[in-house]
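Undergrad: Pasting a predicted model and its sequence here:
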Amino acid sequence: MKKVVIIGSGFSALASACYMAKAGFAVQVLEKNEQLGGRASMWEKDGFKFDMGPSWYWMPDIFERFFSDFSKKVSDYYSLEKLSPAYRVVFGENDFIDISDDPDKIIEKFEEVESGSGAHLRKFMEDSRKNYEIAMQDLVYNPGKSLLELVSFETATRLPLFVKNISETVRKNIKNPKLQSILEFPVLFLGAKPQNTPAFYNFMNHADFGLGTWYPKGGFNAVALGIVSLAKELGVQFHVNQEVTKIETENNLVKKVITTTDSFEADIVISGADYAHTEKLLKQPEKNYSDDYWMKKVFAPSSFLYYVAFDKEVPELQHHNLFFDTDFGRHAVEIYDEPQLPKKPLFYANFSSKTDKDLCPPGKEVGFFLIPVAVDLEDSPEIHEQYFELIMDRIQKNIGVDLRKNVLFKRSFGVQDFKDRYNSCRGNAYGLANTLLQTSVLRPSINNKKIKNLFYTGQLTVPGPGVPPALISGKVVTDYILKHEKNTTR
């Protein structure tokens, strides 16, 4: 039985582990940190439980499709609850819009805010639904090896959508700035400015309005552990606290993966760890890309994250809350065009304990806050504290509650932490941005071009950032390997 070593235990690595085990390989997963799940790990303290990474459960069909590949269902591993409202968008003092879990009610809300926008939104949503179906059926499961992967009758009829950008299509008919920001917000999950994201990616609006926002009981860590359980059922072996220090090669083949405490023989290696970091484990001539290559790529943002325990519940806010009370355009410039610490950033506030009471003691609240920032920024505890105070100030100003006095304890996580804990290239939080020039074949290759049995999966490869794309990435790389194996054994 051929031996497969998978580096990392994020969603793409877990998915590839499951698929490779199903195909009959002996699979071992090596995780650098103390727990499995990659960025979907959990921090626990004094009865409070915090998801450290992903917190939005979108595209539930992708998760179902993944489990169905193993004749399983999502409900076999964790339970889901659809959020209603899905989320709240705060625009100023006592000025907010709650986004319903019902598309017709969302259309009614748009019409209420801007007369005539409802009809435009209905057409926009129908277009986004069709694009979603095309993307999920025909495009995202391709390995990014040829531009022909993007060519079909359906994509040909939508060619203008690859030339236009999200902002153009949104703002053509919707004039209210608040409604524009709601429609442009989902592309933040793709890690790029709406002005730089092809209009075809409005399929994310179908993920938002059409499929809704869900919550996995126990948080995103429960999703990761659910896939770990499936992998173990398939025979996958897991090893934590195994930081890989070298990929040992001979005659253009990986022979061993060396960690701080052990070594693992391998016939095939799949890295779900950071791509640029993985290449540092190779000899210089064996790398796919230079350091300059990574410096020139457009990365999705990094983040300042805060995990906060409150001594009381916070009824004034929803489970998911977006604070769009400042200029998103200016904040985007500070992330992408003129990288710097943002002056008046947008931020996200999550209170998952509103939906899941098991995350904290009774009468308390779990808070998670996120500010998108540029990669490679200076970072320090003092800077984190400065931005935490900004968050508290803005909540007090817009919602009328000062939560500072209710903080039991908190922990922050920033650009340097992404580098230290996840070996994240330039401290990115989400991977490479999905711009037109970083789509499909223009993303980093899923196979090493010099080492025949070394492959890559994750958010720096196809199809792109986000948890559902990571699951897809795990399938894509495995399908590619299995096809390669079949061709070489003929």
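TA: Looks like it arrived, so ask away.

Undergrad: Backbone dihedrals for the residue lying closest to residue 368 once chain neighbours are set aside, please?
TA: Closest residue in space to residue 368, ignoring its immediate chain neighbours: residue 350 at 4.1 Å, by CB to CB, 6 or more residues apart in numbering. The C-beta positions use only the backbone N, C-alpha and C, and glycine is treated the same way. Residue 350 has phi and psi values of phi -120, psi 130 when expressed as degrees, to the nearest 10.

Undergrad: Please apply the same query to the one 10 residues further on.
TA: Note on residue 360: backbone dihedrals following degrees, to the nearest 10 are phi -160, psi 170.

Undergrad: Can you give me the distance of residue 74 to residue 218?
TA: Here residue 74 is placed at a distance of 13 Å from residue 218 (CB to CB, to the nearest Å).

Undergrad: and what of residue 152?
TA: Computed as CB to CB, the residue 152 to residue 218 distance reads 39 Å.

Undergrad: re the thing from before, quick check: the residue nearest to residue 368 touching residue 319?
TA: Yes: Residue 350 lies in contact with residue 319 (CB atoms under 8 Å); the separation is 6.8 Å.

Undergrad: Residue 249 is in contact with residue 282, correct?
TA: Yes: the pair residue 282 / residue 249 is scored as a contact, 7.2 Å apart, by CB under 8 Å.

Undergrad: who touches both of those two?
TA: Common contact partners of residue 282 and residue 249 (CB atoms under 8 Å, 6 or more residues apart in numbering): residue 451.

Undergrad: helix, strand or coil for residue 5?
TA: At residue 5 the chain is in strand, as set by DSSP: H, G, I helix; E, B strand; the rest coil.

Undergrad: What are the boundaries of the strands in the stretch 1-150 of the chain?
TA: 3-7, 26-30, 42-45, 48-51, 80-82, 87-92, 95-99 (DSSP state E, counting those that start in this stretch).

Undergrad: For residue 449, what are phi and psi?
TA: Per-residue torsions, residue 449: phi -80, psi -10 (degrees, to the nearest 10).

Undergrad: so what pLDDT did it get?
TA: Here, the pLDDT recorded for residue 449 equals 97.

Undergrad: Likewise for residue 63?
TA: pLDDT, residue 63: 98.

Undergrad: Show the contacting residues for it.
TA: Per CB under 8 Å, 6+ apart, neighbours of residue 63: 74, 223, 468, 471.

Undergrad: Any chance you could give me the one helix or strand the last one maps to in CSV, C-alpha atoms only?
TA: This means residue 471. Counting by DSSP states H and E, the element that carries residue 471 is helix 467-488. Output of helix 467-488 as CSV, limited to C-alpha atoms (Å, rounded to 0.1, in the frame of the first residue of the first chain):
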residue,chain,number,x,y,z
VAL,A,467,-13.7,27.0,3.7
PRO,A,468,-15.9,25.6,1.0
PRO,A,469,-13.2,26.3,-1.6
ALA,A,470,-10.7,24.5,0.7
LEU,A,471,-12.8,21.4,0.7
ILE,A,472,-13.0,21.6,-3.1
SER,A,473,-9.2,22.1,-3.3
GLY,A,474,-8.7,18.9,-1.4
LYS,A,475,-10.8,17.0,-3.9
VAL,A,476,-9.2,18.7,-6.9
VAL,A,477,-5.6,17.8,-5.9
THR,A,478,-6.6,14.2,-5.1
ASP,A,479,-8.4,13.8,-8.4
TYR,A,480,-5.3,15.1,-10.1
ILE,A,481,-3.0,12.7,-8.3
LEU,A,482,-5.2,9.7,-8.9
LYS,A,483,-5.3,10.5,-12.6
HIS,A,484,-1.6,10.9,-12.6
GLU,A,485,-1.2,7.6,-10.8
LYS,A,486,-3.4,5.8,-13.3
ASN,A,487,-1.5,7.2,-16.2
THR,A,488,1.9,6.2,-14.8
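
Undergrad: now the residue nearest to residue 214 when sequence neighbours are not counted: how far from residue 216?
TA: Nearest residue to residue 214 in three dimensions, chain neighbours excluded: residue 57, at 4.2 Å (CB to CB, 6+ apart). Taking CB to CB as the measure, residue 57 falls 6 Å from residue 216.

Undergrad: didn't residue 473 look like it was pressed against residue 15?
TA: Yes: Residue 473 lies in contact with residue 15 (CB under 8 Å); the separation is 7.3 Å.

Undergrad: picking that back up, which one of residue 152 and residue 218 has more residues nearby?
TA: Between residue 152 and residue 218, counting by other CB atoms under 10 Å, residue 218 is the more crowded of the two (19 against 14).

Undergrad: And what about the more buried one, helix, strand or coil?
TA: Quick answer, by three-state DSSP: residue 218 is coil.

Undergrad: list the contacts for it?
TA: Per CB under 8 Å, 6+ apart, neighbours of residue 218: 78, 225, 356, 358.

Undergrad: Kindly report the same for residue 11.
TA: 38, 40, 224, 227, 467, 470, 471, 474.

Undergrad: How much space separates the nearest residue to residue 241 once chain neighbours are set aside from residue 239?
TA: The spatially closest residue to residue 241, leaving aside those adjacent along the chain, is residue 34, at 6.0 Å (CB to CB, 6+ apart). Using CB to CB, residue 34 is found at 12 Å from residue 239.

Undergrad: show me what contacts residue 108?
TA: residue 118.

Undergrad: now do residue 309
TA: Shown in contact with residue 309 (CB under 8 Å, 6+ apart): 45, 46, 48, 360, 364, 365, 366, 367, 407, 408, 409, 410.

Undergrad: do residue 209 as well
TA: 99, 103, 106, 125, 128.

Undergrad: same question, residue 219
TA: Counted by CB under 8 Å, 6+ apart, residue 219 has contacts 42, 49, 51, 55, 352, 356, 359.

Undergrad: what's the closest of these to residue 297?
TA: Taking CB to CB as the measure, residue 297 lies nearest residue 55 of the contacts of residue 219, at 25.5 Å.

Undergrad: Tell me, how many residues neighbour the residue lying closest to the closest one once chain neighbours are set aside?
TA: The shortest distance from residue 55 to any non-neighbouring residue, by CB to CB, 6+ apart, is to residue 350 (5.1 Å). Counted with other CB under 10 Å, residues neighbouring residue 350 total 21.

Undergrad: okay, residue 350: pLDDT?
TA: For residue 350, pLDDT reads 98.

Undergrad: partners of whichever strand or helix holds residue 349 in the sheet?
TA: Using DSSP H and E, residue 349 maps to strand 347-350. Take DSSP bridges as the rule and strand 347-350 pairs in its sheet with strand 320-323 (antiparallel), strand 365-373 (antiparallel).
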